[in-house]
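Visitor: My questions concern the predicted model and sequence given below.
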Amino acid sequence: MSFLLPKLTSKKEVDQAIKSTAEKVLVLRFGRDEDPVCLQLDDILSKTYSGLSKMAAIYLVDVDQTPVYTHYFDISYIPSTVFFFNGQHMKVDYGSPDHTKFVGSFKTKQDFIDLIEVIYRGAMRGKLIVQSPIDPKNIPKYDLLYQDI
């Protein structure tokens, strides 16, 4: 299903998407096309793509082709999904220590739709961080690993 979603294959393309996506939530899915969990997430993203088109722009970003962003967003698990609004990185409180990205796949299409709606409404009111509407049991749990501290 990931072939239906637009892909960003360089730092320049990611920069351009961040700068040029206006009045919509920019969704960047960092991962690899052949990864099974990425494919599961891509299926949800592609099924919601047209329904959310007025509120969100969704792109797939290959972690191997954009090492600068992979490092910048500390992507150590894939898939990881990062959100922007009008060039501003949007953070979401998922009840976990990391508010910068959603790690793993969404359990349901509705979880993703609800999250986009909350980010969109919050961003339109000038918020840079919003509270996740997703049931905590539907949020994958990962331990943050700190190296060289």
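Guide: Nice, thanks for sending it over.
Visitor: Can you give the distance of the helix or strand hosting residue 71 from its chain's centre?
Guide: Per DSSP states H and E: residue 71 is located in helix 67-72. Helix 67-72 sits 14 Å away from the centroid of its parent chain (C-alpha atoms, centre = their mean, to the nearest Å).
Visitor: got the CA coordinates for it in CSV?
Guide: Extracted in CSV, the C-alpha atoms of helix 67-72 (Å, rounded to 0.1, in the frame of the first residue of the first chain):
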residue,chain,number,x,y,z
PRO,A,67,20.2,10.4,7.7
VAL,A,68,20.2,14.1,8.8
TYR,A,69,16.5,13.9,9.9
THR,A,70,16.8,10.4,11.2
HIS,A,71,19.5,11.6,13.5
TYR,A,72,17.8,14.9,14.3
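Visitor: My read is that residue 108 contacts residue 138, right?
Guide: Yes. Judged on C-beta atoms under 8 Å, residue 108 makes contact with residue 138 at a distance of 7.2 Å. The C-beta positions use only the backbone N, C-alpha and C, and glycine is treated the same way.
Visitor: just to revisit the earlier point, for the helix holding residue 71, packing partners?
Guide: Applying 3 or more C-beta pairs under 8 Å, 6 or more residues apart in numbering; DSSP states H and E, one finds that helix 67-72 contacts helix 11-20, strand 25-31.
Visitor: Relative to residue 98, how far out is the residue nearest in space to the middle of the chain?
Guide: For the chain, residue 81 is the residue whose C-alpha lies nearest the centre (C-alpha atoms, centre = their mean; 2.4 Å). Plainly put, residue 81 is 12 Å away from residue 98 if you go by C-beta to C-beta, to the nearest Å.
Visitor: Same check on residue 79?
Guide: In this view, residue 79 and residue 98 are 14 Å apart by C-beta to C-beta.
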